[in-house]
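Novice: Starting from these lines, generate the structure:
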Amino acid sequence: MKLTELKIKGISYSENQSGAYALILEDINEKRKLPIIIGGFEAQAIALELEKEIKPSRPLTHDLFKNFALEFKITIKKIIINKLIDGVFYSNMICEKDKKELSIDARTSDAIAMALRFNASIFIDYEILRSAGFISNIKNDNRDISADDLIKSVIKNSNQKNLPKELENFSLSKLKNLLKKLVASEQYEKAAKIRDIISKRNK
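Specialist: Residues are numbered from 1 along each chain as shown. I've put the predicted structure just below:
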(Lines give C-alpha, C1' and ligand atoms only; values in the text may rest on other atoms or scores of the structure.)
Protein backbone atom coordinates (compact mmCIF):
# COMPACT_ATOMS: atom_id res chain seq x y z
CA MET A 1 0.00 0.00 0.00
CA LYS A 2 1.45 3.34 -1.08
CA LEU A 3 0.57 6.02 1.47
CA THR A 4 0.21 9.76 0.83
CA GLU A 5 0.12 12.36 3.59
CA LEU A 6 -2.89 14.67 3.80
CA LYS A 7 -3.49 18.06 5.36
CA ILE A 8 -6.81 19.63 6.33
CA LYS A 9 -7.72 22.32 3.81
CA GLY A 10 -10.99 23.44 5.38
CA ILE A 11 -14.54 22.65 6.44
CA SER A 12 -17.68 23.86 4.69
CA TYR A 13 -21.40 23.35 5.25
CA SER A 14 -23.00 20.82 2.90
CA GLU A 15 -25.93 22.32 0.98
CA ASN A 16 -27.17 18.86 -0.04
CA GLN A 17 -27.34 17.11 3.34
CA SER A 18 -28.96 18.81 6.32
CA GLY A 19 -26.65 19.01 9.33
CA ALA A 20 -23.68 17.66 7.37
CA TYR A 21 -20.35 19.27 6.55
CA ALA A 22 -17.70 18.70 3.91
CA LEU A 23 -14.21 18.19 5.30
CA ILE A 24 -11.68 19.02 2.57
CA LEU A 25 -8.34 17.21 2.76
CA GLU A 26 -5.41 17.88 0.43
CA ASP A 27 -2.27 15.90 -0.24
CA ILE A 28 0.98 17.79 0.24
CA ASN A 29 2.53 16.81 -3.11
CA GLU A 30 -0.01 16.86 -5.97
CA LYS A 31 -2.46 19.21 -4.23
CA ARG A 32 -5.21 16.68 -4.94
CA LYS A 33 -8.29 17.53 -2.86
CA LEU A 34 -10.44 14.94 -1.13
CA PRO A 35 -13.90 15.96 0.17
CA ILE A 36 -15.39 13.82 2.96
CA ILE A 37 -18.93 14.33 4.27
CA ILE A 38 -19.03 14.35 8.09
CA GLY A 39 -21.61 15.07 10.79
CA GLY A 40 -22.06 18.33 12.64
CA PHE A 41 -20.67 17.05 15.96
CA GLU A 42 -17.50 15.74 14.33
CA ALA A 43 -17.12 18.97 12.33
CA GLN A 44 -17.32 20.94 15.58
CA ALA A 45 -14.71 18.71 17.23
CA ILE A 46 -12.33 19.22 14.30
CA ALA A 47 -13.00 22.96 14.00
CA LEU A 48 -12.42 23.58 17.72
CA GLU A 49 -9.06 21.83 17.58
CA LEU A 50 -8.05 23.74 14.46
CA GLU A 51 -8.92 27.07 16.08
CA LYS A 52 -6.93 26.31 19.26
CA GLU A 53 -8.05 29.59 20.82
CA ILE A 54 -11.54 28.34 21.64
CA LYS A 55 -11.68 25.86 24.51
CA PRO A 56 -14.96 24.36 25.80
CA SER A 57 -15.57 24.66 29.52
CA ARG A 58 -15.88 20.88 29.85
CA PRO A 59 -14.14 18.13 27.83
CA LEU A 60 -15.93 17.06 24.67
CA THR A 61 -16.01 13.37 23.72
CA HIS A 62 -12.78 13.47 21.70
CA ASP A 63 -11.03 15.43 24.47
CA LEU A 64 -12.21 12.89 27.01
CA PHE A 65 -10.85 10.08 24.86
CA LYS A 66 -7.51 11.88 24.59
CA ASN A 67 -7.31 12.36 28.38
CA PHE A 68 -8.25 8.72 28.92
CA ALA A 69 -5.59 7.54 26.46
CA LEU A 70 -2.85 9.72 27.95
CA GLU A 71 -3.71 8.53 31.46
CA PHE A 72 -2.94 4.99 30.33
CA LYS A 73 0.12 6.12 28.32
CA ILE A 74 -1.42 5.46 24.92
CA THR A 75 -0.55 7.78 22.04
CA ILE A 76 -1.85 8.01 18.48
CA LYS A 77 1.05 8.00 16.02
CA LYS A 78 -0.89 8.38 12.75
CA ILE A 79 -4.14 7.57 11.04
CA ILE A 80 -4.56 5.80 7.72
CA ILE A 81 -7.59 6.10 5.43
CA ASN A 82 -7.40 2.63 3.94
CA LYS A 83 -10.76 1.78 2.35
CA LEU A 84 -13.58 3.38 0.37
CA ILE A 85 -16.77 1.32 0.18
CA ASP A 86 -20.05 2.68 -1.25
CA GLY A 87 -18.90 6.26 -0.71
CA VAL A 88 -17.84 5.64 2.92
CA PHE A 89 -14.20 6.14 3.94
CA TYR A 90 -12.73 3.70 6.48
CA SER A 91 -9.74 4.49 8.69
CA ASN A 92 -7.39 2.97 11.23
CA MET A 93 -5.75 4.78 14.13
CA ILE A 94 -2.20 3.55 14.68
CA CYS A 95 -1.66 3.72 18.43
CA GLU A 96 1.39 3.02 20.59
CA LYS A 97 1.66 1.75 24.16
CA ASP A 98 4.83 0.43 25.76
CA LYS A 99 6.56 0.66 22.36
CA LYS A 100 3.98 -1.66 20.81
CA GLU A 101 1.79 -0.55 17.93
CA LEU A 102 -1.90 -1.32 17.73
CA SER A 103 -4.29 -0.58 14.86
CA ILE A 104 -7.82 0.47 15.86
CA ASP A 105 -10.71 0.78 13.41
CA ALA A 106 -12.42 4.19 13.52
CA ARG A 107 -14.75 6.42 11.56
CA THR A 108 -12.63 8.74 9.46
CA SER A 109 -14.15 11.87 11.04
CA ASP A 110 -13.36 10.59 14.56
CA ALA A 111 -9.88 9.47 13.53
CA ILE A 112 -9.08 12.93 12.13
CA ALA A 113 -10.44 14.65 15.23
CA MET A 114 -8.16 12.45 17.35
CA ALA A 115 -5.17 12.94 15.03
CA LEU A 116 -5.42 16.69 15.58
CA ARG A 117 -5.40 16.24 19.34
CA PHE A 118 -2.28 14.07 19.22
CA ASN A 119 -0.51 16.03 16.46
CA ALA A 120 -0.55 12.82 14.44
CA SER A 121 -0.16 12.68 10.68
CA ILE A 122 -3.04 11.77 8.37
CA PHE A 123 -2.32 9.30 5.56
CA ILE A 124 -4.37 7.72 2.78
CA ASP A 125 -3.89 4.84 0.39
CA TYR A 126 -2.81 6.62 -2.80
CA GLU A 127 -5.16 4.58 -4.99
CA ILE A 128 -8.12 5.79 -2.92
CA LEU A 129 -6.93 9.39 -3.20
CA ARG A 130 -6.47 9.00 -6.94
CA SER A 131 -9.94 7.57 -7.48
CA ALA A 132 -11.91 9.79 -5.07
CA GLY A 133 -9.92 13.04 -5.04
CA PHE A 134 -9.51 15.69 -7.70
CA ILE A 135 -6.93 18.21 -8.83
CA SER A 136 -8.29 21.73 -9.22
CA ASN A 137 -5.66 23.23 -11.52
CA ILE A 138 -7.11 21.93 -14.78
CA LYS A 139 -5.77 23.69 -17.87
CA ASN A 140 -8.11 25.27 -20.36
CA ASP A 141 -6.68 23.21 -23.23
CA ASN A 142 -7.82 20.07 -21.38
CA ARG A 143 -4.61 18.21 -22.18
CA ASP A 144 -3.78 17.93 -18.48
CA ILE A 145 -4.27 14.32 -17.32
CA SER A 146 -6.00 15.67 -14.18
CA ALA A 147 -9.07 16.33 -16.35
CA ASP A 148 -9.55 12.58 -16.81
CA ASP A 149 -9.04 12.07 -13.08
CA LEU A 150 -11.72 14.65 -12.35
CA ILE A 151 -14.22 12.90 -14.63
CA LYS A 152 -13.56 9.61 -12.82
CA SER A 153 -14.07 11.36 -9.49
CA VAL A 154 -17.43 12.85 -10.57
CA ILE A 155 -18.66 9.43 -11.75
CA LYS A 156 -17.50 7.50 -8.68
CA ASN A 157 -18.65 9.95 -6.01
CA SER A 158 -22.35 9.43 -6.71
CA ASN A 159 -23.39 10.78 -3.27
CA GLN A 160 -21.79 14.17 -3.87
CA LYS A 161 -24.25 16.33 -5.79
CA ASN A 162 -22.14 19.47 -6.21
CA LEU A 163 -19.94 19.46 -9.31
CA PRO A 164 -16.40 20.91 -9.30
CA LYS A 165 -16.28 24.37 -10.86
CA GLU A 166 -13.34 23.26 -13.00
CA LEU A 167 -15.76 21.38 -15.26
CA GLU A 168 -16.72 24.70 -16.82
CA ASN A 169 -13.25 24.80 -18.41
CA PHE A 170 -13.76 21.45 -20.18
CA SER A 171 -14.14 21.23 -23.94
CA LEU A 172 -17.59 20.35 -25.32
CA SER A 173 -16.40 16.88 -26.32
CA LYS A 174 -15.28 16.11 -22.75
CA LEU A 175 -18.50 17.50 -21.31
CA LYS A 176 -20.62 15.39 -23.67
CA ASN A 177 -18.57 12.32 -22.81
CA LEU A 178 -19.10 12.98 -19.09
CA LEU A 179 -22.83 13.53 -19.69
CA LYS A 180 -23.17 10.11 -21.32
CA LYS A 181 -21.37 8.43 -18.42
CA LEU A 182 -23.53 10.18 -15.82
CA VAL A 183 -26.74 9.15 -17.59
CA ALA A 184 -25.48 5.57 -17.93
CA SER A 185 -24.80 5.46 -14.18
CA GLU A 186 -28.22 7.03 -13.46
CA GLN A 187 -26.75 10.15 -11.82
CA TYR A 188 -29.40 12.35 -13.35
CA GLU A 189 -29.00 15.41 -11.12
CA LYS A 190 -25.36 15.75 -12.07
CA ALA A 191 -26.23 15.01 -15.70
CA ALA A 192 -28.72 17.89 -15.69
CA LYS A 193 -26.03 20.28 -14.45
CA ILE A 194 -23.63 19.17 -17.17
CA ARG A 195 -26.44 19.55 -19.71
CA ASP A 196 -26.94 23.15 -18.54
CA ILE A 197 -23.22 23.91 -19.00
CA ILE A 198 -23.37 22.48 -22.53
CA SER A 199 -26.52 24.49 -23.29
CA LYS A 200 -24.83 27.74 -22.27
CA ARG A 201 -21.90 26.96 -24.57
CA ASN A 202 -24.24 26.35 -27.53
CA LYS A 203 -26.05 29.71 -27.19
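Novice: Please make it C-alpha for all contacts and neighbour counts, starting now.
Specialist: Noted.
Novice: Okay, K181 and K200: tell me how far apart.
Specialist: Using C-alpha to C-alpha, to the nearest Å, K181 is found at 20 Å from K200.
Novice: Settle it for me: which of those two has more neighbours?
Specialist: Remark: of K181 and K200, K181 carries more neighbours, 17 against 8, as counted by other C-alpha atoms under 10 Å.
Novice: what ranges do the strands span in this protein?
Specialist: Counting by DSSP state E, the chain has strands at residues 3-13, 20-27, 32-39, 75-85, 88-97, 100-107, 121-125, 134-135.
Novice: quick check: domain ranges of this protein?
Specialist: Under the assignment automatic domain parsing, the domains of the chain span 3-130, 138-202.
Novice: Worst mean pLDDT among the ones you listed?
Specialist: Note on these: domain 138-202 shows the lowest mean pLDDT, a mean of 67.
Novice: How much space separates N169 from D27?
Specialist: Separation of N169 from D27 (C-alpha to C-alpha) stands at 23 Å.
Novice: The two: which is more packed in?
Specialist: Taking neighbours as other C-alpha under 10 Å, N169 and D27 compare with D27 leading, 21 against 15.
Novice: Can you get me a residue count around I80?
Specialist: As a burial measure, I80 scores 25 neighbours (other C-alpha under 10 Å).
Novice: list the contacts for it?
Specialist: 91-94, 122-125 (C-alpha atoms under 8 Å, 6 or more residues apart in numbering).
Novice: Okay, and the beta partners of it?
Specialist: Bridge pairing for I80 (DSSP bridges) gives the partners N92, F123.
Novice: Report the separation between it and N92.
Specialist: Distance of I80 to N92, given as C-alpha to C-alpha: 5 Å.
Novice: Over to N82?
Specialist: Applying C-alpha to C-alpha, the value for N82 to N92 is 7 Å.
Novice: ok, E168 touching D196?
Specialist: No: with contact defined as C-alpha atoms under 8 Å, E168 does not reach D196; the gap is 10.5 Å.
Novice: Tell me who's in contact with the closest residue to D63 other than its chain neighbours.
Specialist: Nearest residue to D63, sequence neighbours excluded (C-alpha to C-alpha, 6 or more residues apart in numbering): R117, at 7.7 Å. For R117, the contact set (C-alpha under 8 Å, 6+ apart) comprises 49, 63, 66.
Novice: roughly how far apart are R117 and R107?
Specialist: Look at R117 and R107: by C-alpha to C-alpha, they are 16 Å apart.
Novice: Thanks again, I'm all set now.
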